[in-house]
Every structure is written in structure tokens, then in C-alpha cells.
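**Student:** predicted model and sequence follow; I will ask about them next.
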Amino acid sequence: MPKENHDSARDHLDQRLDELATYETYTPFSQLYCRLIVAWSREVGREAAPLRAVCERLFDIELWYHQALVHLSDRDRVTHDDVRSVADKRRINLTALGERVEALNVRTPRASVVKHLLLAECHYHLRETKAVVTDLEAAIESGGGHPLVHFALGYNRFDQAREAFADAQASSMEDLDGAEREFRAACFGAVRAFRDGLTGQAFDAQLHFWIGRTLAAAGLLDEAQAALETAARIDPSIFGQPPLVEDDAEAVAAAEESSDAPPSAPITEDEVREIGECLKGSWSPGEVLGEER
């Protein structure tokens, strides 16, 4: 990424992200991912205006959502319908936004990267894991091969594999051996994505950590242990994260799970907290985005 004066480059989209960052329910990883989108949206020339308008709408939806969570937490009594209403309104808005992004006609590779990263963010919050994987793969193919994007692709490939295997088990299919082979193959695809994000920088600790978890799930325990040891060498604090603090996001997730949406979140709260705390401790947003000091 070309060197730029970070202070002079900041604009209303950065300000919205700064406001979002004040909410505990808005994860550090989402902050960094969206800051990457904003940074790249400045590089798309004539196509910047519609893409940045979509960014603004996305951040407005997320600001409303996280503000709504705070308002719910301030009430003396909150019903299931209250929580369900917040989740449903967010889902409706994100679905409409995704359709708006999909309709954008982009012509340059960088604009295509931004478009697909925005689509991936919408589909992620809608828990449409298959679509997230497709969008992230398209972003990388268009030149968006950033460590954060490779990480997101690796995790969502892993989560897609877990969903497929869980479905196979729930359906009591006879060929569980075949399902296990497909699961391991999908895990290896996730590991490839994580490895593609390795750059020799501090964020490698997060990638090796998830390589280890994915290999362990695939049954390759020795290889998993080696990856986790590598992660610990890069960042000795990676296994010393604070315990999960329950917040209102869990109540919203529970309400969403009782709806027609897929039953499992793409990344659980504890997993997000593990990554987010590590990110804050090992790589500043500027360093993650490749900005020179």
C-alpha cells in the first residue's frame, strides 16, 4: 500500500469506525477489516463514490445495531421479542445492502476487491458462510491478497467445513467416512488460505494459531502442535487471553439462532475475543493496513 499521511487521509468513514470502536460488541477484527476496506476504497478513482456510499450505509447499519444493544442493556426488562426485533431489522437492512452492492458495476481490479470485501462483510453478518467464502476468494483473485483477507477466507472455509460435517452427522448419513474425508480436505483448504497470509510479520501468530486449530480438527495432532508452538514463539501471550465477558451480543445471537437463519455463528464470541485481543496487542491498525510510520 502506498505511503500516505494517515491524519490528512482520515474522513467521515474513519470517524464512523472510530465511533463503532467504542462499542464492546463491535469486534476488533471487524474494525481492522473495515478499515482495510476504507483504505482501499480511496484507491479506486472514479468508482470510489458508489463504493464509499455503500461503506457509509454499512457503518450506519452497524452503528444503529450496536446502539440498540446498548439501549436494550439499559432497560429494566427486555423481552425475547425486543431482542428478536433488533436482530431482524439488522438482517433486513444488511440483505438490502448486499443486493445494492451486488448490483454495482465495477470495472477495475481494486474496485472489484472493495466490492467483494463489502459483500463478504454483509454475508458474514447474515451467516451465509458459503457466500462469504466465494466473495473472499473473488477479492483475492482481483488482487486483495492481504493477510486479513487470507485469514478471513481460512476461517470461513474452516467454518464451512464444520457446518457441512455437522449437517452430515445430523442427517445420519451412512457414508460418515466419506464425510470425514471431505471435512479433512476442506480443512486443508482452510490451512492453505491461512498460509497464504503469512508475511513474516506479527500477524503470523494469529495465522499459525488457526492453522494449529484447523489441523487439530482434521486429526493431525503433531502438525497442529508444531503450528501452535510457532504461534507462541511469535507471540508468547497468544494463549493467555482473558476469559470471555458475557455481553448483550450473546442474547442477540441466541435470538437469531431461534429464527430461520442458520443455527451457528461464523465465529463464536470467545474465538473473536481471542483474535481481537491478540490483534490489539501485536499489531496496530496502521501496521495491519500496511501504512508506513
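**Tutor:** That came through, no problem. In this text, all values refer to a predicted model and were calculated from it rather than measured experimentally.
**Student:** what residues of the helix or strand harbouring residue 69 count as buried?
**Tutor:** Taking DSSP states H and E as the criterion, residue 69 maps to helix 48-74. For helix 48-74, a neighbour-count test (16 or more other C-beta atoms under 10 Å) marks 48, 50-52, 54-55, 57-59, 61-63, 65-66, 68-69, 72 as buried. Where you see a C-beta, it was placed from the backbone N, CA and C, and this is true even at glycine.
**Student:** for residue 77, helix, strand, or coil?
**Tutor:** coil (DSSP: H, G, I helix; E, B strand; the rest coil).
**Student:** what are the phi and psi values at it?
**Tutor:** phi -140, psi 130 (degrees, to the nearest 10).
**Student:** count of neighbours near it?
**Tutor:** 5 (other C-beta atoms under 10 Å).
**Student:** same check, this time on the one 10 residues further on
**Tutor:** Residues within reach of residue 87, counting by other C-beta under 10 Å, total 21.
**Student:** same check, this time on residue 163
**Tutor:** Neighbour tally, residue 163, other C-beta under 10 Å: 18.
**Student:** what does residue 190 give?
**Tutor:** 27.
**Student:** over to residue 15?
**Tutor:** 11.
**Student:** quick check: which element contains it?
**Tutor:** Assigned by DSSP H and E, residue 15 falls in helix 12-20.
**Student:** immediately after that helix, which helix or strand?
**Tutor:** helix 28-41.
**Student:** now that next one and helix 48-74, what's the angle there?
**Tutor:** For helix 28-41 against helix 48-74, the angle by axes from the mean of the first three to the mean of the last three C-alpha atoms, to 10 degrees is 160 degrees.
**Student:** may I see the buried residues of the one helix or strand residue 121 maps to?
**Tutor:** Assigned by DSSP H and E, residue 121 belongs to helix 109-125. By 16+ other C-beta under 10 Å, the buried positions in helix 109-125 come out as 110-125.
**Student:** against which helices or strands is the helix holding residue 69 packed?
**Tutor:** Judged by 3 or more C-beta pairs under 8 Å, 6 or more residues apart in numbering; DSSP states H and E, helix 48-74 is in contact with helix 12-20, helix 28-41, helix 80-102, helix 109-125, helix 248-257.
**Student:** ranking the ones you listed by mean pLDDT, which is last?
**Tutor:** If you rank the helices and strands packed on helix 48-74 by mean pLDDT, helix 248-257 sits at the bottom with a mean of 38.
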